[in-house]
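# Below is the structure, and that's it, no one-letter string:
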């Protein structure tokens, strides 16, 4: 995986989150078709840019992501 691929995957993640208010990791994987390591690299990319809000769901078993405003 190279930097261009990670950037492309970050775009897929951003688009998926832009279409929804918030999504869990399973929902994101289904919407983007990204593998675990691809998804986590994309999350890191967007988090580093300050474009993500990351929270835990109520039972603390999954992360919930949304776009920062």
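Yep, it's here. Remember, it's a predicted structure, so these values are computed and weren't measured experimentally. Residues are numbered from 1 along each chain as shown.
# what ranges do the helices span in the chain?
Here the chain has its helices, by DSSP state H, at 3-18, 25-32, 36-48.
# So what touches the last one?
Judged by CB atoms under 8 Å, 6 or more residues apart in numbering, the contacts made with helix 36-48 from elsewhere in the structure are 1, 5-7, 9-10, 12-14, 25, 28-29, 32, 34, 52, 54, 65. For the C-beta atoms, the positions are set from N, CA and C on the backbone; glycine is no exception.
# Just the buried residues out of those, in PyMOL syntax.
A single PyMOL command selects the buried members of these (16 or more other CB atoms under 10 Å):
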select buried, resi 9+10+12+13+14+25+28+29+32+34+52+65
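# would JSON lines of the helices of the chain with distance to residue 61 be doable?
Output for the helices of the chain, formatted as JSON lines (distance: least, CB to CB, whole Å):
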{"stretch": "helix 3-18", "distance to residue 61": "20"}
{"stretch": "helix 25-32", "distance to residue 61": "10"}
{"stretch": "helix 36-48", "distance to residue 61": "16"}
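# among those, which is nearest residue 59?
Evaluated over those, closeness to residue 59 peaks at helix 25-32, with 13.5 Å, by CB to CB.
# which other helices and strands contact the closest one?
Other helices and strands packing on helix 25-32, by 3 or more CB pairs under 8 Å, 6 or more residues apart in numbering; DSSP states H and E, are helix 3-18, helix 36-48, strand 63-67.
# Hey, what's the angle from it to helix 3-18? Just curious.
110 degrees (axes from the mean of the first three to the mean of the last three CA atoms, to 10 degrees).
# who touches helix 25-32?
9, 12-13, 16-17, 20, 23, 34, 36, 39, 62-63, 65.
# again, 6 Å this time
12, 16, 62, 63 (CB atoms under 6 Å, 6 or more residues apart in numbering).
# measure the second one to residue 36 for me?
So that's residue 16. Distance, residue 16 to residue 36, using CB to CB, to the nearest Å: 16 Å.
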